[in-house]
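Novice: Just need the structure, nothing else, for what follows:
(chains A, B, C and D)
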Amino acid sequence: MTPYAWLIPLLPLLAFVLVIWRGDRLPGRGATISIAGIALAGLCGLALLGETAAGRRADLTYQWVVLGGRPLTVGFVVDPLSAVMTAMVGVVASLITIYSVGYMEGDPRFSRFFAYLSLFQFSMLFLVLADNFLFIYAGWELVGLCSYLLIGFWFERPAAARAALKAFVTTRVGDFSMMIGILILFLHTGTLSFTGVFHGIAAGRIGGPLLTLAAVLVFGGAVGKSAQIPLHVWLPDAMEGPTPVSALIHAATMVAAGVYLVARTYPLFLQSPGHQALTVVAYIGGITALFAATMGVVENDIKRVLAYSTVSQLGYMFLGLGVLSYSAGMFHLITHAFFKALLFLGAGSVIHAVATNNMKEMGGLARAMPVTFWTFLVATLALTGIPPFSGFFSKDAILLAAYAHDKTLWLLGAAGAFVTAFYMGRLTWYTFAGSYRGGSPAASQGAHGGAHGGGHPHESPRVMTVPLVILAAGAAGLGFLESPFDRYVRFPGVEAPASSAPLLVVSVLVALAGWAAAGAIYYWRILPSAVLRRYLRAPYTLLVHKYYVDDLYGWVFLRAGGLVVLLAGAFDRYVVDGIVNAVGWLTGRLGWALRFLQTGREENYLLLIFLGLVVIVVVRLVR
Amino acid sequence: MTGEAIAFYALAAVILVSGLVVVSSPNIVHSAVALVPAFLGITGIYILLGAEFVAGIQVLIYAGAITVLLLFVIMLTEGGTGLRLQQRNEQGPVGASVAVAIAVLLIAGVTHTTWGRGAGTLPAYTPGAIGQSFLGTNLLAFEGTSIVLLVSLIGAVIIARKEE
Amino acid sequence: MSWSHELWRAIEGTVLIFSGVAVLAAMFGVLLERKISGWMQSRLGPKHVGPQGLLQTIADTIKLLQKENIVPRNADATIFASAVLVVPLAALLDYVVIPFGTTRFGPLIFRDLNIGVLYFAATSSLVVVGILMAGWGSNNKYALVGGLRSASQMVSYEIPMGLALITVALLAGSLSTVKIVAAQARWWYAVEQPLAFLIFLTAAVAEVNRVPFDLVEAESELVAGYFSEYTGMRFALFQLGEYGEMFAMAAMAVTLFLGGWRGPVLPPVLWFVIKLYALIFVFIWVRWTYPRFRIDQLLNFAWKVLIPVGLANLVATAFFVMVVRR
Amino acid sequence: MVPLADYLVLSAVVFALGLYAVLTRRNGVAILMGIELMLNAANINLVAFNKYAAPGAVQGHIFALIVITLAACEAAVGLALVLAAYRSLETIHVDEINVMRW
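Specialist: Model (predicted):
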């Protein structure tokens, strides 16, 4: 299968073309074609996984064009990292596509949704298999485009349109810094392919601070796409899109692309002197982990809470990569993909049932939606790192490496873990425990399309619950695959530190403490949230306003933008137009002045001639 | 003061006086008629310079033909009747100053340069010599002038003719 | 020669010419004309004053001298007066180059200019200016029209006369009148060049505004032509100018075509006078035989007949001189 | 012997007179007269130089003769133009003939 690796991205592309072209007239209005496409790709991915495990590697390069004497070779690479990612994307995407058939049922633009999904799958697979900066960047842009299209799928709702635009622009900022990084690398190493660049770096063509700058710039792209600290503002708003989109793009695949990018260009980060680039990655990851988690605590919209959770988990992955535990970071990515997708789909089915996103209007759904509840519970336990679920293995590996590497990072991670446990507990109690609080039918803005009236919540149809169960199995079972994974996906020379028991115990205790705190406040009401809110007024408002980051951007950029616009307008009006008008006026004036010269009478002209003669002779004599 | 100098200054006086009359007299006919003494004065100058043939031609053409032509045209156009019209246009003073300036410049130029003393005696001057060179070395000029004469003759006739 | 001597001769010459011409040409000429015309018309002509009327013109002149000089109202006084000066002066200037005869110490000529013939043409063209001034100065429509007509007539006839002169100069090989006369030792140019002679005569008559071409002062149409406003002394001077011009033309015709003073027996000056008066007789004779030309006939005759013929003759002679002589 | 400079001064003055006439006279014919004067001034120079600079040669005279002939042509054409102007524009005052004016 390896030599035909290029076939994998091709399948979803074909599906996309077919669905866009024939659309509604296809069987199942395009859904089946899309599912078939991604399912096949997923199978091939698994086959690829098997072959790479057996040791087969391949780098299918193809000379595309000769740029000024330098051939530009592009192609696909098959190695453990890309195989794992292809498999993960394939499996998760097919499950989500199946799920969305039920979720999107009755939507007027049903077939177009699946076309966009296929396009997204193609670009994600394309990005993952790329073996050079050009292809990865191309995939990067395509993925961004699809996220814009899918977030703004219900474009008639202004909030969705604004969110899509915001997502696109913010990620563009990241892409821009990534492009500059790539250009710096290209200028110095003369090639775009990863191996070529890494050889160039090894050969010392680029080094020292410039290399660190290039690495950080490339990491900037990841920050943009994976919504890390400075550029995280777009992800919570992206929840405007349909839930399967949030699940697929904003949980499992696209946001993970940033982590994949750092992993793929790891030698770049390693070579930077004193691992400066890696420490930058680690700290940004760590801070984001804690920072995003805190914001999740005060969210009432179930999807926004999960969004902040994703941002924080991505922070953990970068933390992992930053503290030189390459395989732990990647492993956490895979496990996170499964249980976060599951959480989103679960939330989706809940919204589908109660037609509202607001947790305050839910409650007591455990009895009404048993399958959703249990799968949701499994995913929550995995996320908060409760053994024996997968989250425990991957997250603790990262914390372990962080502790060995840098104490403060470990502290950040642990605090993050506590807060994660707290807000996931809060979410679970609010949604599934207690009595049903949602009275008003179809009230909140979350419900749309497929969700029919609230009133009496009931279990989602089988087409939605089956993928939930499969994902739940993955979320639960994957943890045990850690050791083979470590051997399979590892970077030569980067070893994970030995696991130390006390640390594991500490992290589990932290998670349980989180759960207990949430239960105390929301389930057993020892310290009701209203009381808490009154005492912690300041921090509460700070968190609600998301540390005023949005406002800051709004104020700075809009104000700056306004100023620039004003300046440009003035400049254009007064300087550019000014000059043009001045020329016009001048010629007019000159013409008017010269008019008196041309009197039409010969003697005037003769006079001028002889006057000129006299002047010339006098000047000649004088000089 | 040899006889020649006296003659020169007398002739110069005649020329300049009649020139002034030509230039400044309000009556156009007066200025036309004053041309004749001017031309005759210049003929005298030519004779002083020993150019009899040129003097003869000057009298024949300038004094005889061109002045007559001028008088003819004055009579034919209202120039003659419109005697009392203001003869000078509005750039009088400026024109005068330019003319004076040029005169001063020329005179300055002339007096400052030292001319050769080569005023040797002329050989036995005969119109024949001119004839020889006209049809010899300067044949082209001669033919050219004849063509110009022909063309201007026909042109003048055509322009002046009254279209029936 | 020193300039003072030159000056003296000039003054002496002018006096001689003025008196000679005034007496011979003007006075005697007028008388002769009236006598011959009378005789032609089979009448006697002036008889009362002096023997056979010889003193008639003297009496006329004296009468004219004491007449009042009338200047027409708002006429152009300066031009009116100066015209009177120009016409006779131009006529008298012709006599400078005419060789009256030859004596032991060289030809009897005032000044033998080597551009003689050209000088003659030049001075004769000056008369035209005088006529125009007279026509304009007298502020009289008829005078003006008369002046313009005579000017155009004289200008037109100058060209054939010039051509005739050139033909003769070509034959003689020099412009100087003395050399031309010398060149006619064997054959008179009238014989060699009968055509040129005829052209010269007709042009001469026209130049002088004599009868066939005397449209200028044709009594019936333009009263007295350009000098109709002149009275007294000015009129006399004009008469002097006119007759002086006639005699000069006759004299030049003699020198150019009739061998000047050359003659078998009689002394040179006598020959010259005989030939001169023969031509004058012809002029007067012509006056009473040909009807007056109309102005357009007159000009057409000059431009369309005389000039072409003159040119052809000139070219023929040039060819003859070039081929035959050399 | 009259020095050459005097002739040149005389011609300069005559030229200036002619120029003044050309520049200031309103009547077309007067301007032509001015031009004639200027041409004569040039002729004086030519003949004077011929005598003082190259006594043997006749080029000066020939040049002067050609100038005189051309002056005659120029006068003829000029006057024809004046006549034509008078017939069509009823005026020979040069400053009134400015149909080309703005």
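Novice: Give me the below-cutoff pLDDT ranges for chain B.
Specialist: For chain B, the stretches with pLDDT under 70 are B:1, B:78-87, B:116-126, B:164.
Novice: So which residue is smack in the middle of it?
Specialist: Centroid check for chain B by C-alpha atoms, centre = their mean gives B:Phe39 as the closest residue, at 5.8 Å.
Novice: and the helix or strand hosting it, what does it pack onto?
Specialist: Assessed by DSSP states H and E, B:Phe39 sits inside helix B:28-48. Packing partners of helix B:28-48 (3 or more C-beta pairs under 8 Å, 6 or more residues apart in numbering or on different chains; DSSP states H and E): helix B:3-24, helix B:52-57, helix B:67-76, helix C:77-93, helix C:116-137, helix D:4-24, helix D:28-53. C-beta: built from backbone N, CA, C; applies to glycine.
Novice: can you state the direction angle for that helix and helix C:116-137?
Specialist: 160 degrees (axes from the mean of the first three to the mean of the last three C-alpha atoms, to 10 degrees).
Novice: Please state the offset of helix B:28-48 from the chain centre?
Specialist: 8 Å (C-alpha atoms, centre = their mean, to the nearest Å).
Novice: Just name the shakiest helix or strand of chain C by mean pLDDT.
Specialist: The helix or strand of chain C with the lowest confidence, counting by mean pLDDT, DSSP states H and E, is helix C:219-222 at a mean of 55.
Novice: Show me where the chain dips below the pLDDT cut-off.
Specialist: You didn't pick a chain, so chain A it is. A:438-456, A:493, A:496.
Novice: meant chain D, my bad for not saying
Specialist: Ranges of chain D meeting pLDDT under 70: D:100-102.
Novice: ok, 80 please
Specialist: D:1-2, D:53-57, D:89-102 (pLDDT under 80).
Novice: Quick check: which of the helices and strands packed on helix B:28-48 is buried the most?
Specialist: helix C:116-137 (a mean of 27; mean count of other C-beta atoms under 10 Å in any protein chain shown).
Novice: Next SSE downstream of that helix?
Specialist: helix C:141-172.
Novice: For that next one, list every residue counted as buried.
Specialist: C:142-172 (16 or more other C-beta atoms under 10 Å in any protein chain shown).
Novice: count of neighbours near A:Thr191?
Specialist: 18 (other C-beta atoms under 10 Å in any protein chain shown).
Novice: oh, I was asking about A:Phe596
Specialist: Quick note: A:Phe596 (other C-beta under 10 Å) scores 9 neighbours.
Novice: Could you tell me how far it is located from A:Asp301?
Specialist: A:Phe596 sits 80 Å away from A:Asp301, going by C-beta to C-beta, to the nearest Å.
Novice: Would you map the strands across chain A?
Specialist: A:58-67, A:70-78 (DSSP state E).
Novice: just chain C next, same as before
Specialist: C:101-103, C:106-108.
Novice: contact partners of the last one?
Specialist: Defining contact as C-beta atoms under 8 Å, 6 or more residues apart in numbering or on different chains, one finds that strand C:106-108 is touched by C:99-102, C:178, C:181, C:261, C:268-269.
Novice: Over to the first one?
Specialist: The list of residues contacting strand C:101-103 from outside it, by C-beta under 8 Å, 6+ apart, reads C:107-108, C:261, C:267-272.
Novice: between these, which is nearest chain B?
Specialist: C:Pro107 (18.1 Å; C-beta to the nearest C-beta).
Novice: Count the neighbours of that closest one for me.
Specialist: C:Pro107: 18 neighbours (other C-beta under 10 Å).
Novice: I'd like the distance between the closest residue to chain D within the stretch 501-623 of chain A and chain C.
Specialist: Nearest residue of the stretch 501-623 of chain A to chain D (C-beta to the nearest C-beta) works out as A:Gly600 at 2.8 Å. Computed as C-beta to the nearest C-beta, to the nearest Å, the A:Gly600 to chain C distance reads 33 Å.
Novice: in the biggest helix by length in chain A, what's buried?
Specialist: Identified as the longest helix of chain A according to DSSP state H is helix A:158-189. For helix A:158-189, burial by neighbour count (16+ other C-beta under 10 Å) applies to A:160, A:163-164, A:166-168, A:170-171, A:173-175, A:177-182, A:184-186, A:188-189.
Novice: And for residue 69, the neighbour number?
Specialist: Using chain A. 5.
Novice: wait, I meant chain D there
Specialist: 18.
Novice: Could you double-check that it sits in contact with B:Gln58?
Specialist: No - counting by C-beta atoms under 8 Å, D:Thr69 stays clear of B:Gln58, with 11.2 Å between them.
Novice: if you skip the residues just before and after it, what's nearest to A:Arg56?
Specialist: A:Thr2 (5.1 Å; C-beta to C-beta, 6 or more residues apart in numbering or on different chains).
Novice: do the same with C:Asn313
Specialist: Using C-beta to C-beta, 6+ apart, the nearest residue to C:Asn313 is C:Leu195, at 4.9 Å.
Novice: Same question for D:Val9.
Specialist: Using C-beta to C-beta, 6+ apart, the closest residue to D:Val9 is B:Ile107 (5.3 Å).
Novice: Next up, the contacts around A:Ala83.
Specialist: So A:Ala83 contacts A:45, A:48-49, A:51-53 (C-beta under 8 Å, 6+ apart).
Novice: And it, how close does it get to A:Leu129?
Specialist: Taking C-beta to C-beta, one finds A:Ala83 at 9 Å from A:Leu129.
Novice: One more: B:Ser24?
Specialist: In terms of C-beta to C-beta, B:Ser24 sits 105 Å off from A:Leu129.
Novice: then stretch A:375-385 to CSV, C-alphas only?
Specialist: In CSV, the C-alpha atoms belonging to stretch A:375-385 read as follows (Å, rounded to 0.1, in the frame of the first residue of the first chain):
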residue,chain,number,x,y,z
THR,A,375,-20.1,7.3,26.5
PHE,A,376,-19.8,11.0,27.6
LEU,A,377,-18.8,9.8,31.1
VAL,A,378,-16.1,7.5,29.6
ALA,A,379,-14.7,10.4,27.6
THR,A,380,-14.8,12.8,30.6
LEU,A,381,-12.9,10.3,32.8
ALA,A,382,-10.3,9.9,30.0
LEU,A,383,-10.0,13.6,29.5
THR,A,384,-9.4,14.3,33.2
GLY,A,385,-6.7,11.6,33.4
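Novice: Mind listing what's buried along that stretch?
Specialist: Buried residues in stretch A:375-385 (16+ other C-beta under 10 Å): A:375-376, A:378-385.
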